[in-house]
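S.K.: Sequence and computational prediction follow.
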Amino acid sequence: MAEQFDVVVIGGGPGGYAAALYGAAAGLRMAVVERDKVGGTCLHQGCIPAKQFLETATVFRTVAGAKEFGVVADQPAVDFATAQARKQKVVDQLWKGLQTLMKSRKITTVHGTGTLADPRTVKVDDGTELKAAKAVILASGSAPRTLPGFDVDARYVLTSDEVLALDRLPASAAVIGGGAIGCEFASMLSDLGVQVTILEALPKILPGLDTDVADIVVRSFKRRGIDVRTGVKVEGHDPSGDQTTIRLGEGQTLAVDAIVMSIGRRPLSDTLGLEATAVEVDARGFVMVDDHLRTKERGVYALGDLVNTPALAHVGFAEAIVAVKDILGEPAVAVDYQKVPWCIYCFPEVAFAGLSEQGAKDAGHDVVVAKHRFTASSRALIIGEAEGLVKVIAERGADGKAGRLLGVHMVGPWVTEQLAEAYLSVNWEATPDEISQYIHPHPTLSETFGETVMSLTGRGLHG
């Protein structure tokens, strides 16, 4: 006999477990089928492990520069095995906490790979069958992509999965892909003493970022010895001994100890048994959904990395809430993907929400722009990280003055922790006149956002 639930979720990553937690809080009987560990890629092979190693890099930089603050310390060295152990301790603590939380809400977790036997039945590869009275939510996640000629072997060619499992660092590495994840890995590896080369096929790294922000990251990378090569094509590699040589085309080569593939992820939709349903998949494998995450099969939803929306854990959280509310018949506000918050944890950090300056112009907006650099921030100078800026893009009103905020883009110290106010401002379509009434504490990094917005009123204090 199949066990009965209100909702069955396939996949226990951020989108899947968030749906289970939210549904259970609303009184639904929830089940989650997870082939590995709840928490998914984000917790075990992605966001959390990567940020832990980036924090190791931050501590290393801080100790190495301690003498500038009058603190005498020995020149630091990296024990990456210890960093790896600390990473695992953090991950395990979060994983155990998540398991406990799910049990406390009486969520049933089934270990295995789930497929749709029919639109209301999930079959697990151990033979278990779960019946869903109301809906099935597909949240099976994604896996790293690679390129022809770069088979992942965990020795020469690594994806994020293998990099985050290393117990020692290579002397040199090529990061193929200059997007957010590639830049995070490049920044971390470089700070910990690895000679890093970024190979990006597009004309610039961090495509899609506001140009002013991306330019600061590139300058910082180059100053720290990261070799940034754009517009390059990789054709394969030839291992030999401890190194492998990457063929770049036009007779160019690059010898490195390791290759880190960071060219994105592919949705894991091929194991879901979708052929037995009306669920549609696009040419790249993404499950097609409407703005409430409904597939073409009534009662079947899909979210997270499985759908073609920003591959961010917090987007998965938001999508989970929309889907569960829709299942409950409650009003649900669709996610506005143009305004979701983005954070990139390289050094310097990047954070933004809303349209870039060029994106706003391309969308037909007449814009007013203000920029303030952290070199004018007393707190930034105190902590010794004055590189970066805050850039605010607002819509120009009929009177020529700045109106609603269209986008906020930041690069610099701890901007990932400063974005929340900017995100709210963009999503509430606040105006500079409204925001400038808020008092920002001094001295803080966050007052740079306040100063930038105030300048759009024509009555800025410090710039």
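M.R.: Received, thanks. Numbering: from 1, shown residues only.
S.K.: how about the strands in the stretch 351-463 of the chain?
M.R.: 367-373, 389-396, 402-412 (DSSP state E, counting those that start in this stretch).
S.K.: Show me the strands paired with the last one, marking each as parallel or antiparallel.
M.R.: If I follow you right, that is strand 402-412. In the sheet, strand 402-412 lines up against strand 349-354 (antiparallel), strand 389-396 (antiparallel) (DSSP bridges).
S.K.: okay, these in a markdown table with mean neighbour count and distance to residue 127 next?
M.R.: C-beta coordinates here come from the backbone N, C-alpha and C atoms, glycine included. Formatted as a markdown table, these follow (neighbours: other C-beta atoms under 10 Å; distance: least, C-beta to C-beta, whole Å):
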| stretch | mean neighbour count | distance to residue 127 |
| --- | --- | --- |
| strand 349-354 | 25 | 46 |
| strand 389-396 | 23 | 55 |
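S.K.: Of these, which is nearest residue 178?
M.R.: Distance to residue 178, taken as C-beta to C-beta, is lowest for strand 349-354 among the strands paired with strand 402-412, at 12.8 Å.
S.K.: hey, where'd the strands end up in the stretch 101-250 of the chain?
M.R.: 108-111, 114-118, 121-124, 129-138, 142-144, 157-158, 172-176, 195-200, 227-230, 236-240, 243-249.
S.K.: Let me see the domain layout of the chain.
M.R.: 3-144+266-337, 157-263, 348-455 (automatic domain parsing).
S.K.: avg pLDDT for the longest one?
M.R.: So that's domain 3-144+266-337. Domain 3-144+266-337 comes out with an average pLDDT of 96.
S.K.: Distance across it, terminal residue to terminal residue?
M.R.: Start and end residues of domain 3-144+266-337 are separated by 36 Å (C-alpha to C-alpha, to the nearest Å).
S.K.: Return the distance of it from the chain's centre.
M.R.: Here the centre of domain 3-144+266-337 is set off from its chain's centre by 13 Å, with C-alpha atoms, centre = their mean, to the nearest Å.
S.K.: Serialize the strands paired with strand 402-412 to JSON lines and add fields for mean pLDDT and distance to residue 177.
M.R.: Shown next, in JSON lines, are these (pLDDT from 0 to 100; distance: least, C-beta to C-beta, whole Å):
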{"stretch": "strand 349-354", "mean pLDDT": "98", "distance to residue 177": "16"}
{"stretch": "strand 389-396", "mean pLDDT": "98", "distance to residue 177": "25"}
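S.K.: Dump these to CSV, plus distance to residue 36.
M.R.: Putting the strands paired with strand 402-412 into CSV (distance: least, C-beta to C-beta, whole Å) gives the following:
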stretch, distance to residue 36
strand 349-354, 30
strand 389-396, 40
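S.K.: Compare those strands and give me the one nearest residue 365.
M.R.: Among those, strand 389-396 comes nearest to residue 365, with 5.4 Å by C-beta to C-beta.
S.K.: Tell me where the chain has helices.
M.R.: For the chain, the helices defined by DSSP state H cover 14-25, 40-44, 47-64, 80-104, 160-163, 180-191, 211-223, 313-328, 357-362, 378-383, 415-427, 432-435, 447-455.
S.K.: These: which one's closest to residue 275?
M.R.: Nearest of the helices of the chain (C-beta to C-beta): helix 14-25, 21.6 Å.
S.K.: tell me which residues in that closest one are buried?
M.R.: Across helix 14-25, burial judged by 16 or more other C-beta atoms under 10 Å covers 14, 15, 16, 17, 18, 19, 20, 21, 22, 23, 24.
S.K.: And stretch 310-330, by the same measure?
M.R.: By neighbour count on 16+ other C-beta under 10 Å, the buried set for stretch 310-330 is 311-328.
S.K.: Kindly report the same for stretch 199-207.
M.R.: The neighbour-count check on stretch 199-207 (16+ other C-beta under 10 Å) flags 199, 200, 204, 205, 206 as buried.
S.K.: if we look at that stretch, which residues are touching it?
M.R.: Stretch 199-207 is contacted from outside by 174-180, 182-183, 198, 213-214, 217-218, 228-234, 246, 248, 254, 344, 350, using C-beta atoms under 8 Å, 6 or more residues apart in numbering.
S.K.: what's the answer for stretch 177-185, then?
M.R.: Stretch 177-185 is contacted from outside by 50, 54, 160, 163, 175-176, 186, 198-200, 202, 204-207, 217, 221, 228, 230, 260-264, 342, 344-346, 350, using C-beta under 8 Å, 6+ apart.
S.K.: any idea how far it is from the chain center?
M.R.: Using C-alpha atoms, centre = their mean, the offset of stretch 177-185 from its chain centre is 10 Å.
S.K.: go on, stretch 437-452?
M.R.: Counting by C-alpha atoms, centre = their mean, stretch 437-452 is centred 26 Å from the centre of its parent chain.
S.K.: Return the residues in contact with the most centrally placed residue in the chain.
M.R.: Residue closest to the average C-alpha location in the chain (C-alpha atoms, centre = their mean): residue 312, at 4.5 Å. Counting by C-beta under 8 Å, 6+ apart, residue 312 touches 340, 342.
S.K.: Same question for residue 295.
M.R.: Contacts for residue 295 were tallied using C-beta under 8 Å, 6+ apart; they are 138, 277, 278, 279, 280, 287, 288, 289, 301, 302.
S.K.: and if you look at residue 421?
M.R.: Contacts for residue 421 (C-beta under 8 Å, 6+ apart) come out as 446, 449.
S.K.: Could I get the pLDDT score of it?
M.R.: Per-residue pLDDT puts residue 421 at 96.
S.K.: And residue 250, by the same measure?
M.R.: Confidence for residue 250, expressed as pLDDT, is 84.
S.K.: Now do it against residue 142, distance only.
M.R.: Going from residue 250 to residue 142 by C-beta to C-beta, to the nearest Å gives 33 Å.
S.K.: Between those two, point out the one with more neighbours.
M.R.: Neighbour totals were compared for residue 250 and residue 142, and residue 142 leads with 21 against 8 (other C-beta atoms under 10 Å).
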